[in-house]
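next comes the sequence, and after it the predicted model I'd like to discuss.
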Amino acid sequence: MSAPNSVQKVATAPSHGSELGFATRAIHYAYDPADHHRAVSHPVYFTSTYGFESMADVDAAAALGGKLYAREHNPTTELLETRLANLEGAEAGLVLASGMAAVGALTLSLLSQGDELIVHRTLYSNTTAMSEQGLPRFGVKVVPVDLGAPVNLDAVITPHSRAVYFETPINPTGDVLDIAAIAARAHRAGLLVLVDGTFASPALQRPLEHGADIVLHSLTKYISGHGDVLGGALLGRSELIDRIHNQGLRFITGAAPSPMASSLILRGLKTLPLRMERHGSNALAIARMLDEHPAVAWVNYPFLASHPRHAIAKRQMSGGSGMMSFGLRGGFDAARRMMDKLELMTIAVSLGDVETLVSHPASIVRARQTVRPEAHLQGGVGEDLVRLSVGLEDEADLLADLRQALNRL
Ligand code: PLP
């Protein structure tokens, strides 16, 4: 159906031979207006099921993996899956209803009773909850370890270990882990390497190029970018992604995204590389200012040249994202006072939005402890830690807002 000069032909096989750039593929990959009544923007397929002309057609669709029903197949979602897989350098992709839906589908598809999962000791709080309260109920043992020193992996690998799971950059610290070093050790023992790359997005970091087997993203964050939708993705080899599709999505979680969510994520994705550049330049300016401010005790932003893991960050990321953490000399109380004085930045959980968002994990944990006394901060997270998701506002306005809050402590 494609016209000879169609966008898709150009986007997948340009006449000059070399592969098109990331930004071009984020806008065009796998979409040809000629196949869609010349609509330049993708259509949104609102349907829960598909009609067939004959039983032979049903047989053919079923043989292809059961493309009969919208929980397992939607053309808008599939465009997003194909485009994300291309951008991440993966064979295949799967999009789910949220990042946690991706964590659930991934772990419940690949792990069985008696298996062990090794995780970095600091993870997004609900991934920690899945590790501590979810997986053990199903007979999966989760072993936390400090992967900041990849050698620590060797000591916890047993014949039951199946996979290692970590985030880089890490939520909420923003620190980085060495993907290649961890993957080399894990692969030597036959483990799968599962990396949550939400804090960087494929515009800055592609973990598969450094040895990961599957990359997970919360699409709610940078990839959609505008704080108006939830989504999650898993990207990797077809054999693994198909297994998660046919089990984790189809009948374990059933957590399919709505086609509207997939469409919004596709729209956000088109500006991802542009946004990441600005998130990174704003964040670097803020990290430098914080680093010199007398009220600040420490700053964790791996693209500061003084950061202990700067070399690792530079090796596996093309630039810093908007995520960082810092602590004030006045600790827990000063963090809360400072946040109450901010006038432009928004106190909110979540991250990767155009707005600058600031959160204080210890305050959230203390509030939760009033109803769930066992709630606790993740390993490696102190009571003073403030997390910043630096947005796309003017750098000078962000610096001024933080400075006035810090100066009035
Ligand atoms: N992974 C990381 C690193 C996150 O920060 C989050 C959410 O904050 C998730 C996964 C879960 O994603 P979602 O909120 O889309 O379920």
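Thanks, I have it. Only a predicted model underlies this, so the values are computations on that prediction, with no experimental measurement involved.

please make it C-alpha for all contacts and neighbour counts, starting now.
OK.

where does the protein dip in pLDDT?
Residue ranges of the chain with pLDDT under 70: 1-18.

just the strands in it please.
Using DSSP state E, the strands of the chain run over 92-96, 116-120, 141-145, 161-167, 192-196, 214-218, 232-236, 296-300, 323-328, 346-347, 357-359, 386-389.

what lines up beside the shortest one in the sheet?
So that's strand 346-347. Within its sheet, strand 346-347 is paired with strand 357-359 (parallel), according to DSSP bridges.

next one: the fourth one
Partners of strand 161-167 in the sheet, by DSSP bridges, are strand 116-120 (parallel), strand 192-196 (parallel).

any idea how far the closest residue to Ile265 other than its chain neighbours lies from Thr198?
Once flanking residues are discounted, Ile265 sits nearest to Ser224: 4.4 Å by Cα to Cα, 6 or more residues apart in numbering. Counting by Cα to Cα, to the nearest Å, the gap from Ser224 to Thr198 is 11 Å.

spit out the contact partners of the residue nearest to Ile265.
For Ser224, the contacting residues are 264-269, 272, by Cα atoms under 8 Å, 6 or more residues apart in numbering.

again, 10 Å this time
218, 230-231, 261-272, 352-353 (Cα atoms under 10 Å, 6 or more residues apart in numbering).

about what we covered before: who wins for proximity to the ligand among the strands of the chain?
Closest to the ligand of those is strand 214-218 (Cα to the nearest ligand atom; 4.3 Å).

between the closest one and strand 92-96, how big is the angle?
30 degrees (axes from the mean of the first three to the mean of the last three Cα atoms, to 10 degrees).

how about strand 214-218 and the ligand, any contact?
Yes. Using Cα under 6 Å from any ligand atom, strand 214-218 reaches the ligand at Ser218.

where does that strand sit relative to the chain's centre, distance-wise?
From the chain centre to the centre of strand 214-218 is a distance of 5 Å (Cα atoms, centre = their mean, to the nearest Å).

tally of neighbours for Val44?
Applying other Cα atoms under 10 Å, we find 17 residues neighbouring Val44.

just give the nearest non-adjacent residue to it, would you?
Thr76 (5.7 Å).

the one you found and Ala30 touch, don't they?
No. Between Thr76 and Ala30 there is no contact under Cα atoms under 10 Å: 11.3 Å.

which positions in the stretch 51-200 of the chain make contact with the ligand?
So the stretch 51-200 of the chain meets the ligand at 98-100, 124, 171, 198 (Cα under 6 Å from any ligand atom).

report the angle between the lengthiest helix in the chain and strand 296-300.
For the chain, the longest helix by residue count, based on DSSP state H, is helix 272-292. Following the same axes, to 10 degrees, one obtains 150 degrees for the angle between helix 272-292 and strand 296-300.

give the buried residues for helix 272-292.
272-273, 275-287, 290-291 (16 or more other Cα atoms under 10 Å).

quick one: list the elements packing against that helix.
Under the contact criterion of 3 or more Cα pairs under 10 Å, 6 or more residues apart in numbering; DSSP states H and E, helix 272-292 touches helix 22-28, strand 296-300, strand 323-328, strand 386-389, helix 395-407.

can you lay out these as JSON lines showing mean neighbour count?
Below are those laid out as JSON lines (neighbours: other Cα atoms under 10 Å):
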{"stretch": "helix 22-28", "mean neighbour count": "18"}
{"stretch": "strand 296-300", "mean neighbour count": "20"}
{"stretch": "strand 323-328", "mean neighbour count": "24"}
{"stretch": "strand 386-389", "mean neighbour count": "27"}
{"stretch": "helix 395-407", "mean neighbour count": "16"}
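
as CSV, these with distance to Glu116 would be great.
Output for the helices and strands packed on helix 272-292, formatted as CSV (distance: least, Cα to Cα, whole Å):
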stretch, distance to Glu116
helix 22-28, 37
strand 296-300, 31
strand 323-328, 30
strand 386-389, 31
helix 395-407, 44
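
format the ones you listed as a markdown table; extra columns: distance to the ligand.
Putting the helices and strands packed on helix 272-292 into a markdown table (distance: least, Cα to the nearest ligand atom, whole Å) gives the following:
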| stretch | distance to the ligand |
| --- | --- |
| helix 22-28 | 20 |
| strand 296-300 | 16 |
| strand 323-328 | 10 |
| strand 386-389 | 11 |
| helix 395-407 | 22 |
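
around the ligand, which positions in the stretch 251-400 of the chain sit nearby?
Ser350.

so which of the residues of the stretch 51-200 of the chain next to the ligand wins on neighbours?
Highest count within these by other Cα under 10 Å belongs to Thr198, 27 neighbours.

what count of nearby residues applies to Gly65?
13.

spatially nearest residue to it (excluding sequence neighbours)?
Setting aside the residues directly before and after it, Gly65 is nearest to Asn246 in space (Cα to Cα, 6+ apart), at 7.8 Å.

can you check His360 too?
Once chain neighbours are set aside, the closest to His360 by Cα to Cα, 6+ apart is Val386, at 4.8 Å.

the one you found and Met338, how far apart?
Counting by Cα to Cα - Val386 and Met338 are separated by 10 Å.

what segments of the stretch 51-200 of the chain are helices?
For the stretch 51-200 of the chain, helices defined by DSSP state H, counting those that start in this stretch occupy the ranges 55-63, 75-88, 99-110, 125-129, 152-156, 179-188.

the last one: which residues count as buried?
Which is helix 179-188. Buried, per 16+ other Cα under 10 Å, within helix 179-188: 179-180, 182-187.

show me the contacts for Leu111.
Counting by Cα under 10 Å, 6+ apart, Leu111 touches 117, 135, 138-141, 161-163.

give me the buried subset of these.
117, 135, 140-141, 161-163.

nearest to Arg366 among those residues?
Leu135 (24.5 Å; Cα to Cα).

surely the closest one meets Leu110?
No. Between Leu135 and Leu110 there is no contact under Cα under 10 Å: 11.8 Å.

quick revisit: what bridges to the residue nearest to His360?
Phe326.

check Leu94 too.
Leu234.

ok, the closest residue to Leu235 other than its chain neighbours - how many residues close by?
In space, and not counting its chain neighbours, Leu235 is closest to Gly93: 4.4 Å by Cα to Cα, 6+ apart. If you count neighbours by other Cα under 10 Å, Gly93 ends up with 28.
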